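Asker: one predicted model, sequence on top.
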Amino acid sequence: MLKVDNIETFYGESQVLFGMSMEVNDGEVVTLMGRNGMGKTTTVRSIMCFTPARNGSITFDGERTEHLPAFRVAQSGIGLVPEGRQIFPNLSVYENLFATSANRRNEANPWTVERVYDLFPRLAERRDHMGNQISGGEQQMVAIGRALATNPKLLILDEATEGLAPLIQEEIWTVLDNLKKEGLSILVIDKDVDALLSLADRHYFVQNGKVGWSGTTIELESAPEVIETYLGI
């Protein structure tokens, strides 16, 4: 579904990605892991064309996307839950969700605002609250719901549970597991290795702007030294 092939990405003249390659297959959950500053978020920004890659290629659902405007990438079927949530503070919960709601592929059971409320009942209770009047956990629920309301083929979460209370983190992981069971492809960045191992099919460890190790969950569980190498202090 998604193939990132040997991309190089820069901020100005500072190069961050040095031949980054990875892929997400249909119905698969894949992680990007690594220490801070290794290029995980830049990889996401390159996929979304917020910071387009200068070299290499990105293919989504059979189409090259690395030179498209960011809104076209989103319309092609990629839903992003960005780091820091970035919901609209001056819009209500309902308005945040409704603003992105679209069923461009005529899904038989599309994600709607009401379906998001079913997924996160707390948002139904907060529907009239402004984005800056709800908790961080509720904001993350809105960010996930907003991405789902675009009816994506691929959901990308950058720091899925960072800074959230343990009970909210558990709820987010449960929701992602349910989305996986529905067949949604997911690319997720997070620091909770145990949760990622329970959820994901495959993993990429990013170091210095490229993949240092990749493999399945079974392979990673049998090679604990990988986690120490790429995540240890």
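Answerer: Received, thanks.
Asker: please report how far L184 lies from N55.
Answerer: Per Cβ to Cβ, to the nearest Å, L184 is found 30 Å from N55. To be clear about C-beta, it is placed using only N, CA and C from the backbone, and glycine gets the same treatment.
Asker: which of these two has more neighbours?
Answerer: Neighbours around L184 and N55, counted as other Cβ atoms under 10 Å, are more numerous at L184. The numbers are 20 against 12.
Asker: residue contacts, that one?
Answerer: G27, P152, K153, L154, L155 (Cβ atoms under 8 Å, 6 or more residues apart in numbering).
Asker: where exactly do the helices run in the protein?
Answerer: Using DSSP state H, the helices found in the chain span residues 40-47, 70-75, 93-100, 113-119, 121-125, 136-148, 166-181, 193-199, 217-221, 224-231.
Asker: and those helices as JSON lines, adding mean pLDDT?
Answerer: Listed next are these as JSON lines, based on pLDDT from 0 to 100:
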{"stretch": "helix 40-47", "mean pLDDT": "98"}
{"stretch": "helix 70-75", "mean pLDDT": "95"}
{"stretch": "helix 93-100", "mean pLDDT": "96"}
{"stretch": "helix 113-119", "mean pLDDT": "96"}
{"stretch": "helix 121-125", "mean pLDDT": "96"}
{"stretch": "helix 136-148", "mean pLDDT": "96"}
{"stretch": "helix 166-181", "mean pLDDT": "96"}
{"stretch": "helix 193-199", "mean pLDDT": "96"}
{"stretch": "helix 217-221", "mean pLDDT": "96"}
{"stretch": "helix 224-231", "mean pLDDT": "94"}
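Asker: ok, residues contacting stretch 185-192?
Answerer: Here stretch 185-192 makes contact (Cβ under 8 Å, 6+ apart) with 1-2, 24-33, 40-41, 44, 83, 153-162, 169, 173, 176, 179-180, 196, 199-200.
Asker: write a ChimeraX command that selects only the buried members of those residues.
Answerer: Of those, the buried ones go into a single ChimeraX selection, burial set by 16 or more other Cβ atoms under 10 Å:
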select :1,2,24,28,29,30,31,32,33,40,41,44,83,153,154,155,156,157,158,159,160,161,162,169,173,176,179,180,196,199,200
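Asker: from the contacts of stretch 185-192, which ones fall inside strands?
Answerer: Residues of these located in strands (DSSP state E): L2, V24, V29, V30, T31, L32, M33, L154, L155, I156, L157, D158.
Asker: tell me which two in those residues are the farthest apart.
Answerer: Spatial extent of the ones in strands among the contacts of stretch 185-192 (Cβ to Cβ) is set by the pair M33 and L154 at 18.2 Å.
Asker: need the helices of the chain in JSON lines (columns: distance to N106).
Answerer: Output for these, formatted as JSON lines (distance: least, Cβ to Cβ, whole Å):
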{"stretch": "helix 40-47", "distance to N106": "25"}
{"stretch": "helix 70-75", "distance to N106": "14"}
{"stretch": "helix 93-100", "distance to N106": "17"}
{"stretch": "helix 113-119", "distance to N106": "16"}
{"stretch": "helix 121-125", "distance to N106": "25"}
{"stretch": "helix 136-148", "distance to N106": "16"}
{"stretch": "helix 166-181", "distance to N106": "20"}
{"stretch": "helix 193-199", "distance to N106": "29"}
{"stretch": "helix 217-221", "distance to N106": "34"}
{"stretch": "helix 224-231", "distance to N106": "42"}
